[in-house]
Each structure stands twice: as C-alpha cells, then as structure tokens.
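K.L.:
After the sequence you'll find the predicted model.
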Amino acid sequence: MKIIRPGLFAVLKRFPKHKDNAKQLFRESDKFQTMCEDFESCIKALDHWNRSKEEIAAKRRAEYAAIIQELEEEILQKLYEFRH
C-alpha cells in the first residue's frame, strides 16, 4: 500500500476530479510538490486560527484564506497545463 504525502492528500481532497494528474505531477515536479505542501500548511494554519480566540485571529484567518485561494488557483493552473 502506498502512503500519500500529506500535501498531495490535501490537494486530492480539494480537487478529486484531478487526482490522476495531481499524483503524476507530484511525482514529476518538485515545484508542484512544494505547492502542495504549502497548501496543506496553510489549511492547517487556517484551521488553527479558526479555533483561536486570540485578538489577531480574524486577521490571520483572512490572510490564510487569501493565500489558500491563490494556491488553489496556481494548483489548478498547473493541473490544466499538465493535462494539455
């Protein structure tokens, strides 16, 4: 049984229709691996700030939500470029 790295798992969960391309691109591209790892780290950070009661939490949630949105767009672009 193969173990899926957490960064890739996060991308597969978010973009299930692209799983085959994502897996192959993850194997072939260090840059895509880094993007996936960054995506997973930001999701974890957003989860942390969603549970936080700290005063700065709202600002951090907005920051991480924006970063996640940007990463999603970049990841989808890479997946579409890879497919064509």
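P.N.:
Here it is on my side, so go on.
K.L.:
Report the separation between the residue nearest the centre of the chain and E73.
P.N.:
Note on the chain: the residue nearest the mean C-alpha position is F39, at 2.6 Å, using CA atoms, centre = their mean. The gap separating F39 from E73 is 11 Å, by CB to CB, to the nearest Å. (Each C-beta comes from the backbone N, C-alpha and C, glycine too.)
K.L.:
Now do the buried residues in the lengthiest helix in the chain.
P.N.:
As assigned by DSSP state H, the longest helix anywhere in the chain is helix 57-83. Of all the residues in helix 57-83, those buried under the rule 16 or more other CB atoms under 10 Å are 60-61, 64, 67-68, 71-72, 75, 78-79.
K.L.:
Show me the shaky parts of the chain.
P.N.:
1-2, 84 (pLDDT under 70).
K.L.:
For it, list the residue farthest from the centre, please.
P.N.:
Most peripheral residue of the chain (CA atoms, centre = their mean): E55, 26.1 Å.
K.L.:
Would you confirm that the residue nearest to the centre of the chain contacts I68?
P.N.:
Yes. Applying CB atoms under 8 Å, one finds F39 in contact with I68, separated by 7.0 Å.
K.L.:
Now F15. Its backbone dihedrals?
P.N.:
For F15, the backbone dihedrals (degrees, to the nearest 10) come out as phi -130, psi 70.
K.L.:
Could you do R5 as well?
P.N.:
Per-residue torsions, R5: phi -60, psi 150 (degrees, to the nearest 10).
K.L.:
What's the separation between it and E63?
P.N.:
Applying CB to CB to R5 and E63 gives a distance of 25 Å.
K.L.:
again with D38
P.N.:
Applying CB to CB, one obtains 14 Å for the distance of D38 from E63.
K.L.:
H18 now?
P.N.:
Counting by CB to CB, the gap from H18 to E63 is 26 Å.
K.L.:
just K44 next, same as before
P.N.:
Distance, K44 to E63, by CB to CB: 14 Å.
K.L.:
same thing with G7?
P.N.:
Distance, G7 to E63, by CB to CB: 20 Å.
K.L.:
K13 too?
P.N.:
22 Å.
K.L.:
Spit out the contact partners of the closest residue to R60 other than its chain neighbours.
P.N.:
Residue nearest to R60 in three dimensions, not counting chain neighbours: W49, with 4.2 Å by CB to CB, 6 or more residues apart in numbering. By CB atoms under 8 Å, 6 or more residues apart in numbering, W49 lies in contact with 57, 60-61, 64.
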